[in-house]
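In: model this:
(chains A, B and C)
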Amino acid sequence: MKKYTQDHEWVEIEGDIATVGITEHAAEELGDLTFVELPEKGLDVIVGDKLAMVESVKAASDVYAPISGTVKESNRELEDAPGLINSAAEQEGWICKIENFDVVEIEDLMTANQYTEFLAKGK
Amino acid sequence: MPYIANTDADRAEMLKTVGCGSIEELWKKAGIEEPAPALDEIPPGLSEFEVVSYLFKLASRNATGLVNFLGCGYYDHIIPAAVFEITSRSEFYTAYTPYQPEASQGTLQAIYEYQSAICRLTGMPAANASMYDGGTALFEAMMLAVRATRRRKAVISGSVSPILREMIRCYSSNLKIELKEVSPGDFCSNQKELAAAIDDETACVLMQYPDAFGTIEDLSMLVEQTHSKNALAVCSAYPIALAVLKTPGEMGFDIVTGEGQSLGMPLNFGGPYLGFMAVQRQLLRKMPGRIAGKAFDASGREGFVLTLQAREQHIRRAGATSNICSNENLCALSALAYLSCVGKNGLVEVAELCAAKAAFAREELIKTGKVKAPEDQQFFNEFVVELPSDASEIAGKMIDKGFAAGFPLGRYYKDRKNQLLIAVTEKRTREEIKSFANAMEAVL
Amino acid sequence: MKLVFDKGSPGRTGSSLPKMDVPDESRIPQSLRRSTKAELPEASELDVIRHFLLLSRKNFGLDTHFYPLGSCTMKYNPKFHERIAALPGFTLLHPLLPQLRRGGALTQGALEVIYETERLLSNLLGFKQFTMQPLAGAHGELTGVMLIAAHHKAAGETGRKVMLIPDSAHGTNPASAAVAGFETKEIPTDEKGNTDITALKASLDNSVAGIMLTCPNTLGLYDQNTREACNLVHEAGGLAYCDGANLNAIIGRVRPGDLGFDVMHINLHKTFSSPHGGGGPGAGPVGVADKLVPYLPISRVAKRSDGTYALEYNHDNTIGYIAPFYGNFSIILRTYAYLLTLGREGIPRISENAVLSANYVRQKLKNHFDDASRERTCMHECVFSAARQARNNVHAIDIAKALIEKGIHPPTIYFPLIVKEALMIEPTETESRETLDHFIEAMIEIAELAEENPEKFKSFPSTTPVGRLDETAAARNLDIANLAGQQ
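Out: Below is the predicted model of the structure:
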């Protein structure tokens, strides 16, 4: 199951792991990323907490937790290659994996279709 | 009138273009209805000649003929004329922040070179393009430590300049920061108590080197103790002294700041000065201020840009690493020009002259038999003497003899009424120092 | 071009120092000496001079190029100011001298400069008193909001934690408020370019500490709701702060103190013509209404009944030391010279000519670029959007580079944030009509090129020492210092 937030994060649930990143749209808006500040393993977050930070030459943006839980792992490859988010924001450009969450929390988030509509409305 | 090129004819033509019959109509259209204010208390304009004459007169009312032994963080050094020549190039001084790199390579390369020079002097790997002065730089260093450690307590040694401590107290007053000031020892910091004051809530410990008494001491141990609590060690340093002293980088400091005035800037009655800041690599992205970095164009030519701008206020707004907008650019250029002119060996020579003359002055004063100096004080170019009576009164008497004798420490340290802080730079001659000691003997 | 560190050769020196005339002994123990020398240049004075003069030629400065950088007021800097600022009677003065006993008498000329400049500014801008201490515009903002905090604290209103800031504001406003411990809340701009009064009203409650308005605002428009906004904030118990970055538009014509502002910073390097220095040093004095006077920083310069000047420290409610001493003295000195030269009849001519020039440019360009001035007469700067050109993939940045190609420094771009593809043009009063016409012509040619040959823009600028630099690569592979040879 994959859901989207109004702050342009995505969260995908597979078993007891939730993978989080920013959307392709967000990556495009930010431009070429130059730096990603990753959360530390073991960090407990609740929905809306600052989880990570992404920077490009012209912008900086906080990434908020779309789901509450504990950070299990961060995508260390982004440290040397933040551009992975530009090339594959919703695949290799994932930011972190979260465990100990309650899937109910994301039920109200947008589906892919709803997110596309949401973006269209904003334009 | 001066500085406005357009004539009445130009203005008439321009008003016609914008569809207004008069300037007053233009103001109305722009939404300004209120009557123009009376500027009664502003005098009528003067010609350039008249203003120059008047300001020459004011300048002559200031006593600059005193032989200067006053320092306290702000020093009277020789400035090569070439430094002024460089900073007087109006391509440098009439430009602004290098937002357009292709039109600002002069400024940008100079900033990169300045950052490199500060790193080489402090023994640190990274520096920013400068801050306003030594005090604001030290405050920014504290805030950098607060951000980096996510802790809100700062330990500050009483041997940090009282002026800088006043500034930090002022800036911290609305922030949730616990400032713990640790009283100094006799003529140095109290390392034992400082170490004891550092706990698991401590973001940083703030030190000065040489300190407010002129004392130099090895702070490596304290830095280690700071690190053992995962706090950061911050040092405000005197850049001329760093030419010969063990660098803060060598002692393991995480952040080094300082007042850069000594590097080619006149005393100027308090400014403009220069705050420098250098950090260890892992703190680079949390550092405030502008930073120039190397970049390449499409055909591989090397150039420089402002980099890591996403930390700054124009992008991050309330979440920025600082509210600072510009740096203190022309002052940074002065520092770079100064360091380039005196050069690798010249800077060491300046420092050795200062240190030797200060040691000589101390001996000469002791020889008078009326002045006591702490026996074991190790210092660079500034030292403390204990006078038989109130140091501020003696300093007043010395002014009549033509000397700015030093800074009476009692102004900031209540228990040091009789102590005078004396600074000696390469400008002071053997004769001046001898007559200084003689004059002191006479007034005591 | 080689770095200065790569000029010269080992052993060469440009320094000329007095000989050691005392025993070559110091009180520095061997254990506290650095292990290797700092790797600074080893160059002759000529090597150094040539290096920096060649570097300077890679810059656009105001003296060499038209520089209509919006919000920055790049006006001409009179040359005699530099001579005065270099007088030894001022430059050699140690700031601690007046703090010595009887030292005040030795610095009367300098204290007079500070005091009299402060009085002139207070009268000119309608405030009770100024502090000359803040060292830059943003530093003045911080000082100003700290004064607001001190006021609320003294009144026991510690719950006032929110600073209201328009969406058009400079980034320094929210950043300064944050450094002073405030939370910030954004107030929208209405369709006429004024503060949105409805939204403001909805934001007012007893958590509000104040509002920070830029006057005129960053759209280059005179905010007709200024008085009302100040009144509303006052009624809610807050204070009104004026960001003086755009003071050049109203100097001598409107006194911000008369509009209801309680506190304001001004930029001496903008309105009062001290040089920008490639990005500082500037100065950001702060003026206050009566009620904030008690909190002003110390020291303060006072005039005694006998006509002499003295430093004062005894103010119980002061926020303390904002700067180590009395401000950026040599910048204040230049301002004093400027005010004395222009005088009461000259000062209003600044804003009149600045506003006329901006409207002239706006009128001539409004058919070629999308006007962001909400169809209003602008003040000292005009804001356009390159949205039309952007449809051909020619963005504000491309227009900037095309101007550089033509030997003109670009306007401010991408600010204010509420205008897409913003181009913010501030011509200032010191530029002649011919210069404006030349700029207008260049802009029109650029607009035409954007229609006819948008691809061409990618090659601009081609005449500068470097072409467009890859800022992304620079941020990813950071190289911010050259440490070659340093151990």
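In: Reduced to three states, what does the residue in chain A that chain C sits nearest to come out as?
Out: Closest contact between chain A and chain C, by Cβ to the nearest Cβ, is at A:Thr34 (3.6 Å). Where C-beta positions appear, they are placed from N, C-alpha and C, glycine not excepted. Using DSSP: H, G, I helix; E, B strand; the rest coil, the three-state assignment for A:Thr34 comes out as strand.
In: show me the contacts for it.
Out: Taking Cβ atoms under 8 Å, 6 or more residues apart in numbering or on different chains as the definition of contact, the neighbours of A:Thr34 are A:55-57, A:82, B:310, C:472, C:475-476.
In: Which ones among those lie within strands?
Out: Among those, the subset assigned to strands under DSSP state E consists of A:55-56.
In: Where is pLDDT lowest across the contacts of A:Thr34?
Out: Model confidence across the contacts of A:Thr34 bottoms out at B:Ala310, which has 84.
In: residues in contact with that one?
Out: By Cβ under 8 Å, 6+ apart, the contact list for B:Ala310 reads A:34-35, A:55-60, B:316.
In: And those, which of them are buried?
Out: Of the members of those, the ones counted as buried by neighbours, 16 or more other Cβ atoms under 10 Å in any protein chain shown, are A:34-35, A:55-58, A:60, B:316.
In: and C:Asp398, how far is that from C:Gln389?
Out: With the distance defined as Cβ to Cβ, to the nearest Å, C:Asp398 ends up 8 Å from C:Gln389.
In: what is in contact with these two at once?
Out: With contacts defined as Cβ under 8 Å, 6+ apart, the residues shared by C:Asp398 and C:Gln389 are C:Ala450.
In: Give the burial count for the closest residue to chain A within the stretch 51-200 of chain B, as a bare number.
Out: With distances taken as Cβ to the nearest Cβ, the stretch 51-200 of chain B approaches chain A most closely at B:Arg150, which sits 11.2 Å away. By other Cβ atoms under 10 Å in any protein chain shown, 7 other residues sit near B:Arg150.
In: Just the pLDDT at it, thanks.
Out: Listed pLDDT for B:Arg150 reads 93.
In: Equivalent analysis for B:Ser322, please.
Out: Reading off the per-residue confidence, B:Ser322 sits at a pLDDT of 89.
In: what sits against it?
Out: Contact analysis of B:Ser322 by Cβ under 8 Å, 6+ apart lists B:140, B:143, B:288-289, B:312-313, C:175, C:179.
In: Okay, and which of these map to helices?
Out: When the contacts of B:Ser322 are checked against helices (DSSP state H), the matches are B:140, B:143, B:313, C:175, C:179.
In: which residue sits closest to the first one, ignoring its sequence neighbours?
Out: Spelled out, it's B:Glu140. Taking Cβ to Cβ, 6 or more residues apart in numbering or on different chains as the measure, B:Glu140 lies nearest to B:Pro288, with 4.9 Å between them; neighbours along the chain are not counted.
In: re earlier: let's have the buried ones among the contacts of B:Ala310 in a markdown table, adding distance to B:Cys119.
Out: Rendered in a markdown table, the data for the buried ones among the contacts of B:Ala310 read as follows (distance: Cβ to Cβ, whole Å):
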| residue | distance to B:Cys119 |
| --- | --- |
| A:Thr34 | 22 |
| A:Phe35 | 21 |
| A:Glu55 | 23 |
| A:Ser56 | 26 |
| A:Val57 | 24 |
| A:Lys58 | 27 |
| A:Ala60 | 25 |
| B:Arg316 | 25 |
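In: which of these lies closest to C:Ser462?
Out: Closest to C:Ser462 out of the buried ones among the contacts of B:Ala310 is A:Val57 (22.0 Å), distances taken as Cβ to Cβ.
In: Need the three-state assignment for residue 28.
Out: This is for chain A. Following three-state DSSP, A:Glu28 is assigned to helix.
In: ah, no, chain C please
Out: Secondary structure assignment for C:Ile28 (three-state DSSP): coil.
In: Tell me which of the ones in helices among the contacts of B:Ser322 has the lowest pLDDT.
Out: Note: of these, the lowest pLDDT belongs to B:Gln313, at 86.
In: what's the distance between that residue and chain C?
Out: When distances are taken as Cβ to the nearest Cβ, to the nearest Å, B:Gln313 and chain C turn out to be 4 Å apart.
In: wait, what's in contact with that residue?
Out: With contact set as Cβ under 8 Å, 6+ apart, B:Gln313 has these partners: B:320, B:322-325, C:138, C:171-172, C:174-175.
In: Isn't B:Ala337 up against B:Arg89?
Out: No: here B:Ala337 lies out of contact with B:Arg89, judged by Cβ atoms under 8 Å, at a distance of 10.3 Å.
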